[in-house]
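Asker: Sharing a model that was predicted from the sequence below.
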Amino acid sequence: MAKILDGKLVAASIRQKLRTQVDVYQQEHQKRPGLEVVLVGDDPASHVYVRNKERACAQAGIVSDTVKLPAESTTESVIEVVDHANRTDSIHGILVQMPLPPQIDTQAVLSAISPEKDVDGLTSQNLGRLAQGKPGLFPCTPRGVIALLDYYGIVLTGRRALVVGRSMLVGKPLSLLLLARDATVTMAHSRSRDLDQLVAEAEILVAAVGRPQMIRGEWIKDGAVVVDVGINRTPDGLVGDVAYQEAVSRADWITPVPGGVGPMTIAMLLDNTWQAFLNQERS
Ligand code: NDP
């Protein structure tokens with residue numbers, strides 16, 4: 001029976017530690033980190049995510065502000081808001097909630113974010129630094145996966161890792177982080193053949209696809225570490241990309257959905273905002 005990689009517990013401990021650091025800094029320097037969230041349109045899931053982020057910031061002692069723009073906004077109007085945040089000293093992190101409405105040029109908006117304030121780690125500068133193995137602000141979900149594995153002492157060096165999904169938000173940056181930790185990384189995507197065989201070889205399996213329970217338990221190598229990034233809303237509630245009930249009898253470690261990677265993503269957003277703040281304070 002697999003042991004649980006408890007993201008809720010680990011995230012709570014990271015957030016508690018951050019709160020202490022933020023409070024000590026505030027006492028010594030009378031300054032707190034500030035995050036600005038840009039929310040465009042009325043996507044209900046995005047509104048829920050943003051509310052959760054605001055609440056998490058408040059608990060960590062980070063000042064957050066959400067700029068809400070109408071669904072029919074133009075690329076230029078969103079960039080204007082980003083530009084203003086770039087120039088505001090009390091804002092140390094900028095997060096543009098995805099997805100943006102279809103008429104908006106997402107890449108142009110991301111490119112407008114100052115790399116020093118890019119707490120989602122999605123600008124070309126930060127993704128380039130990740131690929132080059134240089135320090136920078138890196139995407140929150142991939143960072144959360146690595147932090148969770150580290151907390152439980154999961155060894156990555158030399159192990160066969162399979163990342164299913166190659167998005168810029170999750171799969172690609174996670175593969176780079178695993179590579180930086182000396183795992184032997186394979187990436188799979190919608191055009192990969194024989195996914196079941198690739199999964200069967202993986203000692204560390206990360207699923208980031210967005211298809212409910214597509215990875216079957218019988219594919220999974222005995223003793224594997226299974227990280228399920230997927231969040232899928234079904235009539236039976238939230239489920240991951242891995243058939244959890246089947247996988248628990250084969251894996252050694254597994255993340256639950258919910259309560260696995262999700263809470264770690266928010267904890268890493270707070271941590272990135274703290275890191276961005278410290279970098280800007282020191283420069
Ligand atoms: P995207 O839709 O951007 O990417 C999905 C990836 O899965 C693509 O690379 C796609 O391949 C690949 N894929 C699709 N179908 C298959 C298939 N049949 N076999 C193998 N690969 C396939 O999704 P995201 O990366 O943004 O998110 C993935 C999941 O993670 C979603 O469920 C999302 O809700 C969740 N998520 C969870 C977070 C958390 O905090 N827990 C944070 C972010 C996302 P191709 O490139 O070829 O199209």
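Answerer: Looks like it arrived, so ask away. Numbering: from 1, shown residues only.
Asker: From here on, just use CA atoms for contacts and neighbour counts.
Answerer: OK.
Asker: and G136, what pLDDT?
Answerer: With respect to pLDDT, G136 scores 98.
Asker: surely it meets R129?
Answerer: Yes: the pair formed by G136 and R129 meets the contact definition of C-alpha atoms under 8 Å, at 6.2 Å.
Asker: More neighbours: which of those two?
Answerer: When G136 and R129 are compared for neighbours, G136 comes out ahead with 20 against 16, by other C-alpha atoms under 10 Å.
Asker: which residue sits closest to that one, ignoring its sequence neighbours?
Answerer: N126 (5.7 Å; C-alpha to C-alpha, 6 or more residues apart in numbering).
Asker: In contact with that neighbour, which residues?
Answerer: Listed by C-alpha atoms under 8 Å, 6 or more residues apart in numbering, the contact set of N126 reads P115, D118, G136, L137, F138.
Asker: Let me know the closest of those to R193.
Answerer: Ranking those by separation from R193, with C-alpha to C-alpha as the measure, puts F138 on top at 29.7 Å.
Asker: Okay, the closest one and the ligand: tell me how far apart.
Answerer: Distance of F138 to the ligand, given as C-alpha to the nearest ligand atom, to the nearest Å: 13 Å.
Asker: can you confirm that residue is in a helix?
Answerer: No: counting by DSSP: H, G, I helix; E, B strand; the rest coil, one finds F138 to be coil, located in no helix.
Asker: The residue nearest to it when sequence neighbours are not counted: what's it in contact with?
Answerer: Leaving aside its chain neighbours, F138 sits nearest to G121 (4.3 Å; criterion: C-alpha to C-alpha, 6+ apart). The neighbourhood of G121, defined by C-alpha under 8 Å, 6+ apart, consists of P115, L127, G136, L137, F138, P139, C140.
Asker: Need the max-distance pair from the residues you listed.
Answerer: Across the contacts of G121, no pair lies farther apart than P115 and C140, at 14.7 Å, counting by C-alpha to C-alpha.
Asker: Just want to know which of these two has more residues nearby.
Answerer: Higher neighbour count among P115 and C140: C140, with 26 against 23, using other C-alpha under 10 Å.
Asker: any idea which helix or strand carries the residue of the chain positioned farthest from its centre?
Answerer: The centre of the chain is farthest from one residue, E28, which by C-alpha atoms, centre = their mean lies 30.6 Å away. Element membership of E28, judged by DSSP states H and E, is helix 7-29.
Asker: Is the ligand within reach of that helix?
Answerer: No: residues of helix 7-29 are not located near the ligand by C-alpha under 6 Å from any ligand atom, the shortest gap being 10.0 Å.
Asker: quick one: that helix to chain centroid distance?
Answerer: Its chain's C-alpha centre and that of helix 7-29 lie 18 Å apart, by C-alpha atoms, centre = their mean, to the nearest Å.
Asker: for stretch 189-204, same thing?
Answerer: 22 Å.
Asker: go on, stretch 82-90?
Answerer: Centroid separation between stretch 82-90 and its chain, computed with C-alpha atoms, centre = their mean, is 23 Å.
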